[in-house]
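Novice: Only the shape, not the letters, is given here:
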């Protein structure tokens with residue numbers, strides 16, 4: 001059989017410009033090419049394609065393995081996440097009152113989700129149905145309605161304990 005040369009994930013993103021900034025400024029990737037609504041970014045010889053509101057499904061998970069990270073934070077929720085929880089030192093729930101979440105969705109400018117009434121209703125439903133489940137499997141809970149620097153400081157204290 002022919003050898004597999006490469007596997008390049010294509011991730012759907014809601015805001016290509018915000019994603020580009022994140023991958024470059026925060027994760028240290030560089031842009032390989034830009035085709036308008038789709039870009040390829042790479043780091044250490046590994047590429048990821050990002051496509052604005054096309055290709056793939058929202059909520060796709062991607063594992064990026066590193067050998068020398070001091071800390072790794074993973075964010076997300078999925079039906080099968082229980083089988084992965086034992087691999088983490090800490091499971092932290094970031095929560096905020098529903099009215100804070102709704103207000104943040106309404107006022108943010110980096111993502112269109114949460115502007116339509118049905119999206120707000122879905123968010124409130126998830127807070128009622130999923131957040132209690134997440135609370136049960138979490139080791140810690142941080143009130144994310146606090147100022148960002150306090151939330152980050154608390155998260156880092158937990159991670160380094």
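Specialist: Nice, I can see it. Just so you know, these numbers come straight off a predicted model, no measurement behind them.
Novice: Walking through the protein, point out its strands one by one.
Specialist: 10-13, 30-34, 38-43, 46-52, 92-95, 140-143 (DSSP state E).
Novice: Compare the ones you listed and report which one is nearest to residue 125.
Specialist: If you check each of the strands of the chain against residue 125 by C-beta to C-beta, strand 92-95 wins as the nearest, at 15.4 Å. Just so you know, the C-beta spots here come from the backbone N, C-alpha and C atoms, and that holds for glycine as well.
Novice: how about the strands of the chain in CSV, adding mean neighbour count and mean pLDDT?
Specialist: Below are the strands of the chain laid out as CSV (neighbours: other C-beta atoms under 10 Å; pLDDT from 0 to 100):
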stretch, mean neighbour count, mean pLDDT
strand 10-13, 18, 88
strand 30-34, 12, 95
strand 38-43, 18, 94
strand 46-52, 18, 91
strand 92-95, 17, 94
strand 140-143, 16, 96
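Novice: Provide the strand pairings for the lowest-mean-pLDDT helix or strand in the chain, with the direction of each partner.
Specialist: Within the chain, confidence by mean pLDDT, DSSP states H and E is lowest for strand 10-13 among all helices and strands, at a mean of 88. Sheet pairing for strand 10-13, assigned by DSSP bridges, gives strand 46-52 (parallel).
Novice: returning to what we had before: please list the outside residues in contact with the least confident helix or strand of the chain.
Specialist: Strand 10-13 is contacted by residues 19, 38, 48-58, 60, 62 when judged by C-beta atoms under 8 Å, 6 or more residues apart in numbering.
Novice: and if you look at stretch 80-91?
Specialist: So stretch 80-91 is in contact with 74, 137-140, 158-159, 161, going by C-beta under 8 Å, 6+ apart.
Novice: Poorly predicted segments of the protein, please.
Specialist: 56, 58-59 (pLDDT under 70).
Novice: domains for it, by residue range?
Specialist: Per automatic domain parsing, the structural domains of the chain span 1-57, 70-161.
Novice: where do the helices sit along the chain?
Specialist: All helices of the chain, identified by DSSP state H, fall at 16-21, 98-107, 117-129, 131-137, 148-159.
Novice: and the second one with helix 117-129, angle?
Specialist: Using axes from the mean of the first three to the mean of the last three C-alpha atoms, to 10 degrees, the interaxial angle of helix 98-107 with respect to helix 117-129 works out to 150 degrees.
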